[in-house]
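Asker: Quick one, what's the 3D model for this:
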Amino acid sequence: MTAIHIDDPCDARILAYTNIRERDLVGRQGRFIAEGKVVLDVLTATGRFEIESVLVLENRLAGLHSILARLPPEIPVYTASSAVLDQIAGFHMHRGILAIGHRGQIADAPSLLDSLPDKALIAVLVGISNHDNVGSIFRNAAAFGVDAILLDQTSCDPLYRKAIRVSVGAALKVPFASFSDTRVLADQLDAKGFSQFALSPRGKRDIRNMNCKGPLALYLGTEGQGLPEAILARIQTARIAMAPGFDSLNVAAASAIALHQFASNIK
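Answerer: Numbering: from 1, shown residues only. Just a heads-up that it's a prediction; the model follows:
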């Protein structure tokens with residue numbers, strides 16, 4: 001692997017990396033940014049997404065040889081000084097490691113469900129628009145062996161740069177798909193024999209007392225408003241027992257507790 005040094009922040013070859021924060025808001029035409037050594041390691045190891053190029057701070061290149069060795073020889077690896085890299089990105093890039101990936105064709109929910117094992121555990125995200133929470137949920141899902149995550153169209157993009165970074169690359173590892181109608185999804189899960197639990201502070205049963213032997217879908221809603229009433233009325237509700245006078249956790253923290261509990265039950 002021979003790195004290509006970039007001296008000009010306006011070099012056309014690294015155009016996709018320019019003004020990263022602004023591009024976060026307007027999209028990248030089918031691309032996404034992977035940031036940091038751990039995330040690049042996951043991206044190159046899983047092979048789920050095509051890599052277009054890599055851009056690395058020149059003094060970090062030596063520590064990446066084992067990771068970059070996985071790349072096909074035609075994938076360019078660019079290096080730049082700290083001053084040039086900061087001009088390219090539009091802010092100080094203290095991690096100094098970036099890659100451009102291609103989203104490709106993301107599976108739809110029915111296709112993803114068809115590919116899951118018999119005792120699958122999946123998370124269903126409804127209205128979770130905070131990138132930190134989505135990234136943390138993906139990280140928790142990877143830690144506890146969740147087979148897939150389904151996101152409604154009001155939840156944020158798991159391939160948003162910050163969501164990938166917070167997930168420490170789990171968003172590039174855990175299969176995911178989006179869906180548009182929660183009622184239709186619930187019907188599809190019913191047809192495939194899934195137990196369906198909605199996590200809520202108002203849940204009728206403690207998660208420790210929920211029995212699930214087959215495939216399970218755990219619904220998680222946004223903080224504050226929580227899951228829509230239509231979901232809570234449709235499927236079984238579950239809660240995490242807490243100290244008297246306090247009944248709410250950050251959704252990412254709640255997901256970790258619940259996914260750990262249910263993974264140990266059905267896996």
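Asker: Now do stretch 155-172: everything it contacts.
Answerer: Residues outside stretch 155-172 that contact it (CB atoms under 8 Å, 6 or more residues apart in numbering) are 20, 24, 32-36, 38-39, 41-43, 46, 48-49, 101, 103, 125-132, 134-136, 138-139, 141-143, 149, 151, 176, 178. Glycine gets a C-beta too; all of them are placed from N, C-alpha and C.
Asker: What separation do you get for residue 261 and residue 220?
Answerer: Distance, residue 261 to residue 220, using CB to CB, to the nearest Å: 14 Å.
Asker: neighbour count winner among these two?
Answerer: residue 220 (26 against 18; other CB atoms under 10 Å).
Asker: would the more buried one count as being in a strand?
Answerer: Yes: checked against DSSP: H, G, I helix; E, B strand; the rest coil, residue 220 lies within a strand.
Asker: what about residue 217, which helix or strand?
Answerer: Using DSSP states H and E, residue 217 maps to strand 216-221.
Asker: And for residue 85?
Answerer: helix 82-89.
Asker: Show me how far that helix is from its chain's centre.
Answerer: In terms of CA atoms, centre = their mean, to the nearest Å, the centre of helix 82-89 is set 27 Å apart from its chain centre.
Asker: What's the first helix or strand after that helix?
Answerer: As the chain continues past helix 82-89, the following element, by DSSP H and E, is strand 97-102.
Asker: What average pLDDT does that next one get?
Answerer: Here strand 97-102 scores 95 as its mean pLDDT.
Asker: now the strands for this protein?
Answerer: 4-5, 31-35, 50-57, 77-80, 97-102, 121-126, 148-152, 176-179, 195-199, 205-206, 216-221, 236-239 (DSSP state E).
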